[in-house]
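>>> Take a look and give me a structure for this.
(2 chains)
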2 protein chains.
Amino acid sequence: MFESAELGHKTAKADYDEAEPLLRTQLLDAQFDLLEQKQFAVVVLINGIDGAGKGETVNLLNEWMDPRHIQTWAFDSPTSEAAERPFMWRFWRALPPRGRIGMLFGNWYTEPIRERVDKVSKRAELDQQLDEINRFETMLVREGVLLIKLWFHLSRDGQKKRLKALEKDPRTRWRVTEQDWRYYDLYERYREVAEHTLRHTSSGEAPWMIVDGSDANFRALLVGRTLLESLRKRLDLARNWHARVMAPPLPPPDEARNLLNSLQLRQPLDKKAYAELLERYQGRLALLTRAEAFRKRSLVLVFEGADAGGKGGAIRRVTAAMDARRYRIIPIAAPTEEERAQPYLWRFWRHLPRQARVAIFDRSWYGRVLVERVEGYCSEADWMRAYAEINDFEDQLADAGAVVVKFWLSVSKEEQLVRFNEREAQPHKRFKITAEDWRNRERWDDYARAVCDMVDRTSTETAPWTLVEADNKYFTRIKVLRTICERLEAALE
Amino acid sequence: MFESAELGHKTAKADYDEAEPLLRTQLLDAQFDLLEQKQFAVVVLINGIDGAGKGETVNLLNEWMDPRHIQTWAFDSPTSEAAERPFMWRFWRALPPRGRIGMLFGNWYTEPIRERVDKVSKRAELDQQLDEINRFETMLVREGVLLIKLWFHLSRDGQKKRLKALEKDPRTRWRVTEQDWRYYDLYERYREVAEHTLRHTSSGEAPWMIVDGSDANFRALLVGRTLLESLRKRLDLARNWHARVMAPPLPPPDEARNLLNSLQLRQPLDKKAYAELLERYQGRLALLTRAEAFRKRSLVLVFEGADAGGKGGAIRRVTAAMDARRYRIIPIAAPTEEERAQPYLWRFWRHLPRQARVAIFDRSWYGRVLVERVEGYCSEADWMRAYAEINDFEDQLADAGAVVVKFWLSVSKEEQLVRFNEREAQPHKRFKITAEDWRNRERWDDYARAVCDMVDRTSTETAPWTLVEADNKYFTRIKVLRTICERLEAALE
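Sure thing, here's the model as predicted:
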């Protein structure tokens, strides 16, 4: 894998001086087109061996292009805010919006590689992490991100020479740390882990580019040209670019019997029994969210359901049991301008709770496979891939200690009509029915099919769906509360 | 100050039960109107004595209203991200956008009061902090925020009774901490500091409302009604609301001699001397930003200047000396939708650098007193108050260890024309001249006047302006670099 990169490529100064002015100009023009088009973001990963010129190259690219529209990130150890959230959280925060370039040092590859070199993790664990990375990167690419992965390489001798040279010069001495020498001693092991990593994460969509770091002129031109060519290719496609994904057709639905119409939607529960159960479960929930064992966990609640399904009422019974300082409700409406400039899941990542906190999503990332599918706001390929992306997302939440509880509140078409009519008769403005509510009703069967597919494809061991029979509000609220209590109790045990 | 609040107000259960349903409905309707109008944000400060019902009241308000549009924040000790930035940074992050309500526990009053009770700070220091708070709150109010400040009070006996009662009940025992009893022992001192604080921060625009916390029913209705009345009053004004600020007229400008036309804009420096000086100052800057002493500091650079004044070129010479991992350039254009829903300075607070980092603003918060003033994008009262608000903002930056360096690049009208014509002849798209550039040129004298006022009013000891003669690009870049080096050297000594 590193064979070519160890041949000792060189570019003579004269050749470099001749090539550089044109390359700069072309890069700047490409960057300008990127900024004007605002069709995609560029993420450049900067990885590789210490001393192979990563920092120099990025500094040079910043000189060549307009540094105002490049965001360079270096990730040290996670801050306390990041440490309380899933591993990928701080990388999501660093993603550039469409039109911009992000250069990421010390990105999602650094820790898995280091842990394996230091034998903190086993080979199987590394492979699992690489798998997750592959899926994450595939998602980025399909969301339109231009992903360029650069690995800066040096031979063992090359690294030694380079570190010595840096140490000798008083102006660069500070750059060589003990850690660098420790890694030099582990060179063979590091090389082996790196090769394994690169092999398993070089895909057609996001291949690695290995850069021979031994000659500054050579690597500068190579990186500059790689960036230019990738940018140009993608810019020329402009709006015609599409992730090459074909979604196989889903099996035709069985209208006669599906997950929703096999539910008995009106479940008995009278007001008196409700009041008793409400007090009981709210009491349990109050203690659970204040328990010692919850301090290192978090709770993520997802509420989905048809209009007038009772989401709001259920959420209020849940929050009544909790301290307002500890929960946050995130109502999901149309994305803001900043959110539209990012991959789909970005706007949910920004609301993930810290430890000991509760995040309640009133509608959620499932919008992609519900409203966006039914209304045709995204392509079939987009919502088809969303199932797997969502499962990955929820897995990461669970890995970080979050308990993920998801509800579909299933109300019958008849009961919905009753509630719509009741609301229209109400003087309270907050209950007003919009034209959109009536429109959604016409799409009832399309939504039902989307819901069944959603549950089939995203009800997982770590984050199962709970279908709630919702024609009787009392029953709905109790089932929601009970489910949360039970899931929390099981998790905190 | 607390006299009335210690009378032991009570509301009988029957009276409460009668009043509550209507109050809830009215609050919900008001909240709905707030959300629909999206004209202003509501910030509710929750302060006062432990055990006086702060948590219960906020939980109740969340039950009464729609909790999906209320954000409740509790501030413990600052996270590492917050600790590296000015004191107010985390509160800025918690401000609700227009249309929403934010409830802030443990806000900007908590630390100043605690430090004074614990004798960590002197009376004069507290007064200085209260002064800063006053100015901050005035700014919020003038930016349109509805600020409601609640102080929950209990008499000494009342607090003892309450803490004992909480401790006795196994379901609430966890809520009473050692800290609470320690503060009870300090009751008299705490009361004295609180009274002083309230007196000095109760203004006509943002008065304190003292809530007798001894009876749950009484305090709930009082807080609910206060909130309702404040909301209603402000909603009824709607778009007709204006901060009552009159800006006194500025003295007429002296066209013959002002800060700009007394500069000799074309300063001599030839290419050869430039190359030498460039190397020297870039070398100095490289070492300074990597120095040990810079680890606990940060650098904030502000670049302002007429179009084609050479900002971009100067910035590139500055960044060429630094590691891309350590600086970020923030180009300021029109605010995004999320930024428009916040007070003016919010969008700059979100870009403040961590320690050992450099933030370079390419245009900045001075837009308020430059383009917004000249083009009439805000009222005279708004830009007049901005001078003082900006000074406060920069003081906070400096207090947190930031070195703030501000440049006005002053190019002559003739030289600008030469550069515009050059640019129009250029094939590079990035240099294209827009209609706006030509339009701004027509406003030359208005801008000149705005610049002179800006420098007079915001060149402070902690953050002085540097006027840069900008007709000779070589000279401009060297003066910028030299100034940054000198300011940094003085600060790091």
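
>>> Not including adjacent chain positions, what is the nearest residue to residue A:417?
In space, and not counting its chain neighbours, residue A:417 is closest to residue A:441: 7.9 Å by C-beta to C-beta, 6 or more residues apart in numbering or on different chains. Any C-beta I mention is one placed from the backbone N, CA and C, and that applies to glycine too.

>>> should've said residue A:99
The nearest residue in space to residue A:99 (C-beta to C-beta, 6+ apart) is residue A:38, at 4.0 Å.

>>> Over to the one you found: give its phi and psi.
Main-chain dihedrals, residue A:38, degrees, to the nearest 10: phi 50, psi 30.

>>> isn't it right next to residue A:100, touching?
No. Counting by C-beta atoms under 8 Å, residue A:38 does not reach residue A:100; the two are 9.1 Å apart.

>>> Tell me which of those two has more neighbours.
A count of neighbours by other C-beta atoms under 10 Å in any protein chain shown puts residue A:100 above the other of residue A:38 and residue A:100, at 20 against 12.

>>> Could you find the closest non-adjacent residue to that one?
The spatial neighbour of residue A:100 that comes closest, neighbours along the chain excluded (C-beta to C-beta, 6+ apart), is residue A:69 at 5.4 Å.

>>> if I pick that neighbour, what's in contact with it?
Listed by C-beta atoms under 8 Å, 6 or more residues apart in numbering or on different chains, the contact set of residue A:69 reads A:31, A:35, A:99-101, B:331.

>>> In a markdown table: those, plus pLDDT.
Formatted as a markdown table, the contacts of residue A:69 follow (pLDDT from 0 to 100):
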| residue | pLDDT |
| --- | --- |
| A:31 | 95 |
| A:35 | 93 |
| A:99 | 95 |
| A:100 | 96 |
| A:101 | 97 |
| B:331 | 94 |
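
>>> how about the helices of the stretch 251-400 of chain A, start to end?
For the stretch 251-400 of chain A, applying DSSP state H, counting those that start in this stretch gives helices covering A:271-289, A:311-319, A:337-340, A:346-349, A:371-374, A:380-399.

>>> Need the winner for burial among those.
Ranked by mean neighbour count, the helices of the stretch 251-400 of chain A are led by helix A:311-319 with a mean of 22 (mean count of other C-beta atoms under 10 Å in any protein chain shown).

>>> Contact partners for the residue most central in space within chain A?
In chain A, the residue lying closest to the centroid (C-alpha atoms, centre = their mean) is residue A:345, at 5.3 Å. If you count contacts by C-beta under 8 Å, 6+ apart, residue A:345 has them with A:92, A:139, A:365, A:389-390, A:393.

>>> The longest helix along chain A packs against which elements?
If you go by DSSP state H, chain A has its longest helix at helix A:13-37. Packed against helix A:13-37 by the contact rule (3 or more C-beta pairs under 8 Å, 6 or more residues apart in numbering or on different chains; DSSP states H and E) you find helix A:54-64, helix A:216-237.

>>> Between the contacts of residue A:345, which sits nearest chain B?
residue A:92 (15.5 Å; C-beta to the nearest C-beta).

>>> Quickly find the element holding the closest one.
Per DSSP states H and E: residue A:92 is located in helix A:89-94.

>>> Having no further points to raise, I will conclude here.
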